[in-house]
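Chemist: return a 3D structure for these sequence lines:
(chains A and B)
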Amino acid sequence: MRKLRPDLAAIAALIAPGARVLDVGCGEGDLLEYLVREKQVDGRGIELSQQNVNACVGRGLSVVQGDADSDLADYPSAVFDVVVLSQTIQATRSPRSVLSHLLRIGRKTIVSFPNFGHWRVRLALLLRGRMPQTATLGYRWFDTPNIHLCTISDFIELAQENGARIESAFALSGRGHTRPMRPDAWGPNIFAQGAIFGLTKN
Amino acid sequence: MAENAQPNFLRPLAAPGADIGQAISFGESQPLSLDSGRTLSPFTVAFMTYGTLDAMKANAVMVCHALTGDQFAASRHPVTGKRGWWEMMIGPGKPIDTNRFFVICPNVIGGCMGTTGPADNDPATSRPFGLSFPLITVRDMVRAQAMLLDALGIERLLCVLGGSMGGMQALQWAASFPGRVISAVPIAAAARHSAQNIAFHEVGRQAIMADPEWKGGEYALYGTNPAKGLAVARMAAHITYLSEAALQRKFGRALQNRDSFSFAFGPDFQIESYLHHQGISFVDRFDANSYLYITRAMDYFDLAADYGGSLAEAFRGSRTRFCIVSFTSDWLFPTVENKRIAHALNAAAANVSFVEIETDRGHDSFLLDEPELFATIRSFLGSVAQQTGVE
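Modeler: Residues are numbered from 1 along each chain as shown, chains lettered A, B, ... in the order given. This next block holds a predicted model:
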């Protein structure tokens, strides 16, 4: 088994053993495999890339090819203990509707995303007048799948508009360290490379 | 009581001493109740097994065959002498590993390889059933298979899998007997037969019935054989099992043993003689009336209809693990139909994987050398076995 990326390890730490978990945008299944093997969760995944899906099934995981934007509507309410959306929300067509479905499907929703409010991003636009390219956001403006980037403050606003309660929040540093943050603090919105939020429906 | 019987084939065996498999007969105390409201009794189910049933009877895997398949999935066909239709899939060390699993492959009810079908004698008249054989459904096929399992003393299947109509049976198994199916792998299947597919089947049936040798289905009494009609049915169907791209790649417009057109209606093109060969070789091993009955069973298949029109209802509360497989170039049971199943299973919060395999070889890909299919089946079965505690 591959070593878990630090942000995924931080997400895994928020999930109780034996939970029923849906990982939306599960990629090649690194997090899912870890959760199934180490935490005995009942894990499922949705993944856009068929190649990744085949890789997941090859690892013994239960994953369907699907699109978060269109397929989440099929799922009944409150059937999963935890729904994970890791580094995916910025690539969805309708983040608001995706988040609202996640909050409906899972008793707890964990979302991680890159922070577009990071100072390097701000500086790139301010000083160079160019669309930012960073380590976590390496695409150029015309070929990026990340069509709905947001800052930590933006996300908090969307979560609140969707009637979500923020149960936990973590800032991700460039080196992959995670530390708890106060959602209303201004610092992470400038200094964190990304964030992880644990949400429940109010 | 069920009793062991000899499988009774359509034609004399091509190879004496060939493995003809096993059969179990169900007497009048165990009739098969059919969806049509009729019953079939007595009846026989012929089957093959591969591997060894473990002491806990926990390693049984059922393989369901497609329209023109049979129980000889991994052994030489006793009539044609050809290799089994899933020999690449089933065997020691193969994706369905017979060192680990006990594989049961039954011939469907209505078939012509030993399981009771229209070519068999009606005990009431001592004459072949012909069209007096009751119409059957995919659910009837599965009911008969469940009775076979009972007779073998096997309560639960580690997995039920099959392609095309075999996939329909796998879905029906999961819906009808959720407690007996730990996992199901429908490959290149659908939860309902589409209008286009029914249309193709009707062409095939009409071809058979238009053959003067069919004689209202009583050809056995007249000593005739509607081979031409059956061959045409097979030719038309065979086109639907391939893809435009594969036909173009394999044959193109190439001519058969000639440099120019004959300006006659003989087989000028390679694709023509290929189809003729498919038609002619089929009639040696298949019964025309069986073809009518089994295509009809597929036409009637609509799993959602049995559950108030909601496919998700068919799998409500299911604990079965599903792995749905489709092929990109399959236009008979296209990916979109397979995805419908996956979506319904999601909606029922069932445990489902969905794999689409890229190939240009069409519907028949499930019978061909497709490494990604083998890898998927191998790892899925391995994971189910591990979860269930099968060595």
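
Chemist: from here on, contacts and neighbour counts on C-alpha atoms
Modeler: Noted.

Chemist: which SS class is A:L103?
Modeler: Following DSSP: H, G, I helix; E, B strand; the rest coil, the label given to A:L103 is helix.

Chemist: doesn't A:T109 make contact with it?
Modeler: Yes: here A:L103 reaches A:T109: they are 6.0 Å apart, a contact under Cα atoms under 8 Å.

Chemist: pull up the overlap in contacts between the two.
Modeler: When contacts are counted by Cα atoms under 8 Å, 6 or more residues apart in numbering or on different chains, A:L103 and A:T109 have A:199-200 as shared neighbours.

Chemist: and the least confident helix or strand in chain A by mean pLDDT, how far out from the chain's middle?
Modeler: None of the helices or strands of chain A scores lower by mean pLDDT, DSSP states H and E than helix A:50-58, at a mean of 88. Mean-position distance between helix A:50-58 and its chain equals 19 Å (Cα atoms, centre = their mean, to the nearest Å).

Chemist: and it, C-alpha only, in CSV?
Modeler: Written as CSV, here are the backbone C-alpha positions of helix A:50-58 (Å, rounded to 0.1, in the frame of the first residue of the first chain):
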residue,chain,number,x,y,z
GLN,A,50,-12.6,5.4,-16.1
GLN,A,51,-8.9,4.6,-16.0
ASN,A,52,-8.8,5.5,-12.3
VAL,A,53,-12.0,3.5,-11.7
ASN,A,54,-10.4,0.4,-13.2
ALA,A,55,-7.4,0.9,-11.1
CYS,A,56,-9.6,1.1,-8.0
VAL,A,57,-11.5,-2.0,-8.8
GLY,A,58,-8.2,-3.7,-9.4
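
Chemist: what's the first helix or strand after it?
Modeler: Next in sequence after helix A:50-58, counting helices and strands by DSSP states H and E, comes strand A:62-65.

Chemist: buried residues in that next one?
Modeler: By 16 or more other Cα atoms under 10 Å in any protein chain shown, the buried positions in strand A:62-65 come out as A:62-65.

Chemist: what of stretch A:152-161?
Modeler: Under the neighbour-count criterion of 16+ other Cα under 10 Å, stretch A:152-161 has A:152-153, A:155-156, A:158-159 buried.

Chemist: returning to that earlier point: does chain B sit close to the least confident helix or strand of chain A?
Modeler: Yes: residues of helix A:50-58 are located near chain B by Cα under 8 Å from any Cα of the partner chain, namely A:50, A:53-54, A:57-58.

Chemist: for chain A, see how far away the residue positioned nearest the centre of chain B is.
Modeler: Centroid check for chain B by Cα atoms, centre = their mean gives B:A66 as the closest residue, at 1.8 Å. Using Cα to the nearest Cα, to the nearest Å, one gets 24 Å for the distance from B:A66 to chain A.

Chemist: give the contact list for that residue.
Modeler: Here B:A66 is in contact with B:162-167 (criterion: Cα under 8 Å, 6+ apart).

Chemist: look at it and tell me its secondary structure.
Modeler: coil.

Chemist: any chance you could map the strands in chain A?
Modeler: A:20-24, A:42-47, A:62-65, A:80-86, A:106-114, A:164-172, A:178-180, A:194-201 (DSSP state E).

Chemist: what is the mean pLDDT for the fifth one?
Modeler: Per-region confidence: strand A:106-114 scores 96 on mean pLDDT.

Chemist: can you list the strands that that strand pairs with?
Modeler: Next to strand A:106-114 in the sheet, as set by DSSP bridges, lie strand A:80-86 (parallel), strand A:194-201 (antiparallel).

Chemist: B:E87: which of those is closest?
Modeler: Among the strands paired with strand A:106-114, the nearest to B:E87 by Cα to Cα is strand A:80-86 (40.0 Å).

Chemist: just give me the neighbour total for A:T136.
Modeler: By other Cα atoms under 10 Å in any protein chain shown, 13 other residues sit near A:T136.

Chemist: thinking it is in contact with A:F113, fair?
Modeler: No: using Cα under 8 Å, A:T136 is not in contact with A:F113; the gap is 9.7 Å.
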